[in-house]
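Q: what shape does this take:
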Amino acid sequence: MNLAGNSFLVLAVLVFVALLLFFESGYLFWTARYGAHAVKLQGRLAVLGGTRERALQTQLLRERMLSDVPAVQRVLGRFGAMHAVDRYIRQSGLDWTVGKLVLSMAALAAIAWLAVRSQLGIGWLPALTAAAVAAAAPFLFVSWRRQRRLRTLQRQLPDALDLLTRALRAGHSFSAAMKMASEEMPQPTAGEFRMVHDEVNFGVSLERAFTHLAERVPLTDLRYFVVAVLVQRESGGNLTEILGNLGRLVRERLKLYARIRVLSSEGRLSAWVLGLLPFALAALMNIFNPAFMNVMWRDPIGITITQYLLVLMAVGIVVLVKIVRIRV
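A: This next block holds a predicted model:
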């Protein structure tokens, strides 16, 4: 009886000690992993390794409100593609937000749909086409502004490279040369170089600042410049000679591109005429002879023919764009 009681007592003590050690090990593991001292130590190691600094810099420099309306901001923030649209808008130089672009597209589409359906009284297919065209108008405007700004940057890039080369030959540092370019070059090149200079002054590494520049300005020539500077910073070399050769290369590419645009101008004009002529004729015929064109909007056979015609016209426009667009 005493033996059984002693065995139970020993077993109880062992279970208590095992549970005590189990909870103690769990507490020590939690403290070592998530305690205040551990979090502070991990933060210091991240700063020394550079990972936390890069993450904070990226978040500080890139995060931008997608909309001024909080509800729209929450909805748009759920879609990752909206950040790509925001970058597209920033590349155009417009002071727009993604919410403003999306709401303007939706409003124009609704106005076009109601105007065509209520005022003209035609079928749903022309109304849908008009709504799609109206919705695409703001995005096409942003795309046009983006292309114009990028072409301006591409034309100004050789002069900016020449300015950097002359500044380096005069004995200035690369940071001072970037500041001179941001002050003496016209917009938008001055603004982009000023942003790089300000980022470096605020503590962002030169590599990250130039990576941001390449993301903001998706030009092949400017990416050559970014790669040349970063490679020279890592492996050394004569940066003045590299930038001088790059400036001459970019200028020759621009001359070749201008020559190709002159030679392909007839083809581009033909593409515009062939793309717009059917729609212009349809609009004129609908104005002067509505009864003749109503068959295309109201009759089932006419609607089917119109659908096939629109698809074929879209394919033809894509083919024409591919023919006249020559990459240099």
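Q: for burial, what's the neighbour tally of the nearest residue to Thr189 once chain neighbours are set aside?
A: With sequence-adjacent residues excluded and distances taken as Cβ to Cβ, 6 or more residues apart in numbering, Thr189 is closest to Gln156, at 4.3 Å. C-beta here means a position set from N, CA and C on the backbone, and glycine is covered the same way. Other residues within reach of Gln156 by the criterion other Cβ atoms under 10 Å amount to 18.
Q: the one 10 residues further on too?
A: Burial measure for Arg166: 15 neighbouring residues, criterion other Cβ under 10 Å.
Q: start the count at 26, not 1, going forward
A: In the new count, where the first residue is 26, that last one comes out as Arg191.
Q: any weak-confidence spans in the chain?
A: Counting by pLDDT under 70, the chain contains low-confidence residues at 26-33, 35-36, 60-98, 102, 105, 144-150, 352-353.
Q: got the contact list for the residue nearest to Thr214?
A: 210-211, 213-214 (Cβ atoms under 8 Å, 6 or more residues apart in numbering).
Q: quick check: closest non-adjacent residue to the most centrally placed residue in the chain.
A: For the chain, the residue nearest the mean C-alpha position is Arg112 (3.1 Å; Cα atoms, centre = their mean). Counting by Cβ to Cβ, 6+ apart, the nearest residue to Arg112 once its immediate chain neighbours are dropped is Glu240, at 7.2 Å.
Q: for Leu119, helix, strand, or coil?
A: Using DSSP: H, G, I helix; E, B strand; the rest coil, the structure places Leu119 in coil.
Q: where does it fall, phi/psi-wise?
A: When read as degrees, to the nearest 10, the backbone of Leu119 gives phi -80, psi 150.
Q: tally of neighbours for the residue nearest to it when sequence neighbours are not counted?
A: By the measure of Cβ to Cβ, 6+ apart, the closest residue to Leu119 outside its immediate chain neighbours is Arg170, 5.8 Å from it. Residues lying near Arg170 (other Cβ under 10 Å) number 16.
Q: got the CA coordinates for stretch 225-233 in CSV?
A: Taking Å, rounded to 0.1, in the frame of the first residue of the first chain, the C-alpha atoms of stretch 225-233 are listed here in CSV:
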residue,chain,number,x,y,z
VAL,A,225,20.5,60.3,-52.2
ASN,A,226,20.6,63.3,-49.9
PHE,A,227,17.8,61.8,-47.7
GLY,A,228,19.9,58.7,-47.2
VAL,A,229,18.7,56.4,-50.0
SER,A,230,21.5,54.4,-51.5
LEU,A,231,22.6,55.4,-55.0
GLU,A,232,21.6,52.0,-56.3
ARG,A,233,18.1,52.3,-55.0
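Q: can you give me the buried ones in that stretch?
A: Of the residues in stretch 225-233, those buried under the neighbour-count criterion (16 or more other Cβ atoms under 10 Å) are 225, 229, 231, 233.
Q: thought Met107 was touching Tyr113?
A: No - if you go by Cβ atoms under 8 Å, Met107 and Tyr113 don't touch, sitting 10.3 Å apart.
Q: who has more neighbours out of the two?
A: When neighbours are counted by other Cβ under 10 Å, Met107 comes out ahead of the other of Met107 and Tyr113, with 19 against 16.
Q: which non-adjacent residue is nearest the more buried one?
A: When the adjacent residues along the chain are set aside, Met107 lies closest to Leu101, with 4.6 Å between them (Cβ to Cβ, 6+ apart).
Q: tell me which helix or strand the one you found sits in.
A: Leu101 is part of helix 95-102, with elements assigned from DSSP states H and E.
Q: please apply the same query to Gln212.
A: Here Gln212 is covered by no helix or strand, with elements defined by DSSP H and E.
Q: how about the backbone phi and psi for it?
A: The phi and psi values for Gln212, taken as degrees, to the nearest 10, are phi -70, psi 150.
Q: and it, how close does it get to Ala185?
A: From Gln212 over to Ala185 the distance is 12 Å, taken as Cβ to Cβ, to the nearest Å.
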